[in-house]
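>>> compute the structure for the input listed below.
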Amino acid sequence: MGKLDDKVALIIGGTSGIGEATAKSFSKEGAKVIVSGTNDDQGNRIVKEIKQNNGEATFVKIDVTDQASIEECVNKTVDEYGTIDILYNGAGVHDAYKNVLDTDEETFDKLMEVNVKGPYLATKAVLPIFLDKGKGNIINIGSQSSFVAGAGGNTYVTSKFAINGFTKQLVYDFGSKGVKANLIAPGFVDTPMTEGIQDERLKDIPAGRAGKPEEIASVAVFLASDESDYMQGAEIKVDGGWTVGR
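Residues are numbered from 1 along each chain as shown. Next up, the predicted model:
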């Protein structure tokens, strides 16, 4: 028996890094998985690997900033698997540590659209399903930058603070209606987003290393399972201790 047997999980941002690891971990625990993202080749590869390990998965290409695209993805998920039990909002982009003076409006708009508007649109599309069933699970991916400055530039930090507040407000508004929402805040993790960032950043991490995507995914499995049913609005830092001295 897996921790997620018979559950249907929609993974937004599931075609690389932490999202890929989460999709595979959810499948190993018995979930039927929709892997969504912008990269067809990556998405189809991940689905193929999940199926080779006897899992159930489907890839759906998605633009997280477009309401129609998200609604189509949600509809395809329901058509394929009958419902949605878990929404994982993991799509995100970084701003290369630019301060406000170095950030142009186009960069600001892109980060806010992907990092904030995307989870809003996906959650809004899935919530009616959760409310109709009287149960649903939302996992939002924040960052060290959901709490402190310095793990990103001005816009990235702003967007990740916003997703923390978004998570809390979801609980305030819908927690009593059976909808669970929690935030995972990864630290410095070895993913395509952090590729090329110099190793000296590791000196401030008590664990002395970067995290692995699978380590974040294991926390997501716990939050997605019934074992975490009494957790609402939690902020779970998985950062090797980076924030303890800040």
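>>> in the protein, which helix is the longest?
Assignment by DSSP state H gives helix 154-174 as the longest helix of the chain.
>>> what residues are up against the nearest residue to Ala207 once chain neighbours are set aside?
Residue nearest to Ala207 in three dimensions, not counting chain neighbours: Gly240, with 3.2 Å by Cβ to Cβ, 6 or more residues apart in numbering. To be clear about C-beta, it is placed using only N, CA and C from the backbone, and glycine gets the same treatment. Taking Cβ atoms under 8 Å, 6 or more residues apart in numbering, we find Gly240 in contact with 187-188, 205-211.
>>> can you put these in a markdown table and add secondary structure, neighbour count and distance to Thr103?
Below are the contacts of Gly240 laid out as a markdown table (DSSP: H, G, I helix; E, B strand; the rest coil; neighbours: other Cβ atoms under 10 Å; distance: Cβ to Cβ, whole Å):
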| residue | secondary structure | neighbour count | distance to Thr103 |
| --- | --- | --- | --- |
| Gly187 | coil | 22 | 23 |
| Phe188 | coil | 21 | 22 |
| Ile205 | coil | 18 | 26 |
| Pro206 | coil | 10 | 31 |
| Ala207 | coil | 13 | 30 |
| Gly208 | coil | 9 | 32 |
| Arg209 | coil | 11 | 30 |
| Ala210 | coil | 18 | 26 |
| Gly211 | strand | 21 | 27 |
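>>> reformat those as JSON lines; add distance to Ile84.
Output for the contacts of Gly240, formatted as JSON lines (distance: Cβ to Cβ, whole Å):
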{"residue": "Gly187", "distance to Ile84": "29"}
{"residue": "Phe188", "distance to Ile84": "31"}
{"residue": "Ile205", "distance to Ile84": "35"}
{"residue": "Pro206", "distance to Ile84": "38"}
{"residue": "Ala207", "distance to Ile84": "34"}
{"residue": "Gly208", "distance to Ile84": "39"}
{"residue": "Arg209", "distance to Ile84": "35"}
{"residue": "Ala210", "distance to Ile84": "32"}
{"residue": "Gly211", "distance to Ile84": "28"}
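>>> which one of these is nearest to Thr22?
Proximity of those to Thr22 (Cβ to Cβ) peaks at Gly211, which lies at 13.3 Å.
>>> quick one: contacts for that closest one?
Contacts of Gly211 by Cβ under 8 Å, 6+ apart are 186-190, 238-240.
>>> for the residue nearest to Ala207, give me phi and psi.
Backbone torsions of Gly240, given as degrees, to the nearest 10, read phi 60, psi 10.
>>> okay, it and Ile205: tell me how far apart.
Distance, Gly240 to Ile205, by Cβ to Cβ, to the nearest Å: 4 Å.
>>> which residues do those two both contact?
187-188.
>>> how far away is the residue located most distally from the centre of the chain from Val157?
Largest separation from the mean C-alpha position in the chain: Leu101, at 28.8 Å (Cα atoms, centre = their mean). Separation of Leu101 from Val157 (Cβ to Cβ): 15 Å.
>>> could you do Val221 as well?
28 Å.
>>> ok, how many other residues are close to the residue nearest to Gly136 when sequence neighbours are not counted?
Spatial nearest neighbour of Gly136, excluding adjacent residues (Cβ to Cβ, 6+ apart): Phe130 at 2.5 Å. Residues within reach of Phe130, counting by other Cβ atoms under 10 Å, total 24.
>>> what comes up buried for stretch 93-112?
Across stretch 93-112, burial judged by 16 or more other Cβ atoms under 10 Å covers 93-95, 98, 103, 107-108, 111-112.
>>> same check on stretch 74-90?
By neighbour count on 16+ other Cβ under 10 Å, the buried set for stretch 74-90 is 74, 76-78, 81, 84-90.
>>> and Ala9, what element?
Using DSSP states H and E, the element containing Ala9 is strand 8-12.
>>> spatially central, which residue of the protein would that be?
The chain, centroid-nearest residue using Cα atoms, centre = their mean: Gly90 at 2.2 Å.
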